[in-house]
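Engineer: model this:
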Amino acid sequence: MTDLNDLIYVAAVTQTGSLSAAARQLNVNHATVFRRIAQIEAGLGVRLFERDAGRYVATAAGEEVAAAGAAIAQTAERSLLKVAGRDLRPSGVVRITTTDSFATTLLTPVLALCRAQYPQIALQVGIDNNMLDLSKRDADIAVRPTRQPPDYLVGKRIAPLAFAVYGAKGYLKNTKASTLPEHQWICLGESQERHRSVQWLQKVVPLAQVGYRIDGFASVARACADGLGFAVLPCFIGDSLAPLRRVHEPIPDLASELWVLTHPDLRRTARIQTVLQFLYQELGKLSPALQGIKPKKPLERKTELKGA
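Structural biologist: Here you go, the predicted model:
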């Protein structure tokens, strides 16, 4: 029969990622932690950790056992803190994967608020424009634009995500172009060729008019603001940059959705659940910006979205 105290060892290794760090946290020696982990794996007949370059990464089963261990530790600590009149707060590391456009604009201020409210939760943000495999613990939470999230993930749809065409005020003032094919264009690089904005642009604009390509919407927006031409941007980026003007209403064919997702095995973990709920609430407040809703202003230069 498994000793319930062993679960606390699993929780400590999951949180710290190493036997030595877990040993320091539990005030025991390294060999004790190794022995207790081996005992519980043998008793349960499952692998609780994958060893990756010296780091211990919990499997799905390990996360579940760790959550039980954390609950035991938290129950004991809650009782002690209640007597002492102090609050119990979630703690540990939460890893978030997102795109460059969200990391450099909307997400960072939200995560700053999260850190202020939950200082014992450390946040690690990884930028990748591809969906990482949360089942392999590449990350704990994904903040992603998608029309159809993977079936193996759970989470919440935050808001529709709108895209529109933007140009810099200086570029609009100086250009003589009057239709989309006549303008100079910026778009995502070849590594993101499959993005809907690139495919849409290929149907509307001659290839010769695309004079600048770069990976990531944040970089595309900066090039657009510097006057290199028109660009298709998420409205929450384009509307936030003072040098840019939206030249047409959002394009329905490019609409997507913002989702906050996690793996079902992870959502019961206290620190992950805390960050999830915080993101649901705070990103939800940004729904108008995500949808491209802003106070009505005259468009700088209204351009038809037809090819000519």
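
Engineer: now do the strands in the stretch 151-300 of the chain.
Structural biologist: Counting by DSSP state E, counting those that start in this stretch, one finds strands in the stretch 151-300 of the chain at the ranges 154-161, 163-168, 185-188, 210-214, 230-234, 244-246, 256-262.

Engineer: setting the sequence-adjacent residues aside, check what's closest to Pro250.
Structural biologist: Excluding the flanking residues, the one nearest Pro250 by CB to CB, 6 or more residues apart in numbering is Ala162, at 3.8 Å. Every C-beta, even on glycine, is put in place using the N, C-alpha and C of the backbone.

Engineer: list the contacts of that neighbour.
Structural biologist: Going by CB atoms under 8 Å, 6 or more residues apart in numbering, Ala162 touches Pro234, Cys235, Pro250, Leu254, Ala255, Leu290, Gln291, Gly292.

Engineer: that older thread, which of the strands of the stretch 151-300 of the chain is buried the deepest?
Structural biologist: When neighbours are counted by mean count of other CB atoms under 10 Å, the highest per-stretch mean among the strands of the stretch 151-300 of the chain falls to strand 230-234, a mean of 28.

Engineer: strands paired with that one, and their directions?
Structural biologist: Under the criterion DSSP bridges, strand 230-234 sits next to strand 163-168 (antiparallel), strand 185-188 (parallel) in its sheet.

Engineer: please identify which of the strands of the stretch 151-300 of the chain is closest to Ala70.
Structural biologist: Of all the strands of the stretch 151-300 of the chain, strand 256-262 sits nearest to Ala70, with 16.3 Å by CB to CB.

Engineer: which one of the contacts of Ala162 is nearest Pro206?
Structural biologist: Proximity of those to Pro206 (CB to CB) peaks at Leu254, which lies at 19.5 Å.

Engineer: quick one: the closest residue to the closest one other than its chain neighbours and Ala42, what's the gap?
Structural biologist: Taking CB to CB, 6+ apart as the measure, Leu254 lies nearest to Phe163, with 3.9 Å between them; neighbours along the chain are not counted. Separation of Phe163 from Ala42 (CB to CB, to the nearest Å): 54 Å.

Engineer: quick one: least confident helix or strand in this protein?
Structural biologist: Taking all helices and strands of the chain together, the one with the lowest average confidence (mean pLDDT, DSSP states H and E) is helix 60-84, at a mean of 71.

Engineer: tell me if I'm right that Pro145 and Ser256 touch.
Structural biologist: Yes - using CB atoms under 8 Å, Pro145 is in contact with Ser256, at 4.6 Å.

Engineer: so what sits against both of these two?
Structural biologist: With contacts taken as CB under 8 Å, 6+ apart, Pro145 and Ser256 have Leu161 as neighbours in common.

Engineer: what about Ala289, how many neighbours?
Structural biologist: The local packing count at Ala289 equals 19, with neighbours defined by other CB atoms under 10 Å.

Engineer: looking at it now. What's its pLDDT?
Structural biologist: Reading off the per-residue confidence, Ala289 sits at a pLDDT of 93.
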